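Generate coordinates for the sequence data below:
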Amino acid sequence: MGIVEKIKEIEEEMARTQKNKATEYHLGTLKAKLAKYRAQLLEPAAKSGGGGTGFDVQKSGDARVALIGFPSVGKSTLLSKCTNTQSETAAYEFTTLTAIPGVIDYQGARIQLLDLPGIVEGASQGRGRGRQVVATAKTADLILIMMDATKSDEHRRLLEYELDAVGIRLNKEKPDVVFKRKTTGGITLNVTVRLTKTDEKTIRSILQSYKIHNCDVMIREDITTDEFIDVLIGTRKYMPCLYVYNKIDAISMEQLNKLARTEHSVVISCEMGLNLDYLIDRIWAELGLVKVYTKKRGVQPDLNDPICLRKGATVEGVCNGIHRSLATNFRYALVW
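Below you'll find the predicted structure:
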């Protein structure tokens, strides 16, 4: 039996199992097996340089934004409207066959927008160019999930499922859990909060299923079984995400109002150019970048050429942003 068949079998067993206190332990073990098989499914492709290597697009600018969606939702049109980059578009599916980069100029900052090929159902298991799309999405600082406002919310659920299956966690924080392997001493489990979504028995069974018999675990948050498995695997990517609903000119005001008020959502119309400026403002806000301006003594700073840094960056980071050799000979800085 292949890995895909094993994954399907476990998913079917989980769907059949009723969720209650008695089945919590069994479901936890199944989830651990499922996560292990999904990791194995992606590993061979990454090692061989095949389907999991991503598209060869050099990262440029101050941040990278990945544009993901099903075929024919208007991703290529959005890219050309926001970046003046021409992407091959047509009225049929699968027009974008490779990753097409463009650059958004935002008040002196340069944001790389990457139009990735349309995702199809089963992308996490290698259908279409799913693995390559996902491997490239993991290199981004923000994900834009683009959807057709005239279609059902099922599209959003399917896209979230495909990304979740390959370890991309959207709009989630890393669990407050410290996990350290050791050579001897058995399992030491310290829990500083009351666990309501899992229990210590399930956590120990998950450790055993991963053949971990010596480790220190400190849990400082009321986590779920899935979140503990994510900590063990250690390759999960926690990323901010914006849900972009296109074609709002084709829906009612009631639908528009509902979508616009949904958390992490932006409503636009690429064809009519509606709300695109607001979308770019939201992209900037979600990236959480800080603009730093340099100046010479007695001279006003050049406000047209900022250095963009992540929040919490240091003076050394600014030096490296200007030139790698600057930090070694640097003496002091005045910051305001």
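
part of a helix, is Asp249?
Yes - with DSSP: H, G, I helix; E, B strand; the rest coil as the criterion, Asp249 is located in a helix.

can you give me the helices in the stretch 201-336 of the chain?
Secondary structure of the stretch 201-336 of the chain by DSSP state H, counting those that start in this stretch: the helices cover 225-233, 253-260, 276-287, 315-322.

Dump those helices into CSV; add distance to Cys308 and mean neighbour count as well.
For glycine as for every other residue, the C-beta is placed from the backbone atoms N, C-alpha and C. Formatted as CSV, the entries for the helices of the stretch 201-336 of the chain read as follows, by distance: least, CB to CB, whole Å; neighbours: other CB atoms under 10 Å:
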stretch, distance to Cys308, mean neighbour count
helix 225-233, 29, 20
helix 253-260, 28, 12
helix 276-287, 9, 17
helix 315-322, 8, 15
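
can these go into TSV with extra columns for distance to Asn246 and mean pLDDT?
Output for those, formatted as TSV (distance: least, CB to CB, whole Å; pLDDT from 0 to 100):
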stretch	distance to Asn246	mean pLDDT
helix 225-233	31	91
helix 253-260	11	93
helix 276-287	10	94
helix 315-322	35	81
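
And those helices: which comes nearest Glu24?
Closest approach to Glu24 among the helices of the stretch 201-336 of the chain (CB to CB): helix 225-233, 7.8 Å.

Mind giving me the packing neighbours of that closest one?
Using 3 or more CB pairs under 8 Å, 6 or more residues apart in numbering; DSSP states H and E as the contact criterion, the secondary-structure elements in contact with helix 225-233 are helix 24-48, strand 177-181, helix 200-209.

rewinding a little: what about the helices of the stretch 201-336 of the chain, which gets the closest to Leu189?
Using CB to CB, the nearest of the helices of the stretch 201-336 of the chain to Leu189 is helix 225-233, at 10.8 Å.

Could you export the helices of the stretch 201-336 of the chain as JSON lines, including distance to Val65?
Output for the helices of the stretch 201-336 of the chain, formatted as JSON lines (distance: least, CB to CB, whole Å):
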{"stretch": "helix 225-233", "distance to Val65": "24"}
{"stretch": "helix 253-260", "distance to Val65": "20"}
{"stretch": "helix 276-287", "distance to Val65": "6"}
{"stretch": "helix 315-322", "distance to Val65": "19"}
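
closest to Val57 out of these?
helix 276-287 (18.2 Å).

from the chain's centre, how far out does the closest one sit?
Distance, stretch centre to chain centre, for helix 276-287: 17 Å (CA atoms, centre = their mean, to the nearest Å).
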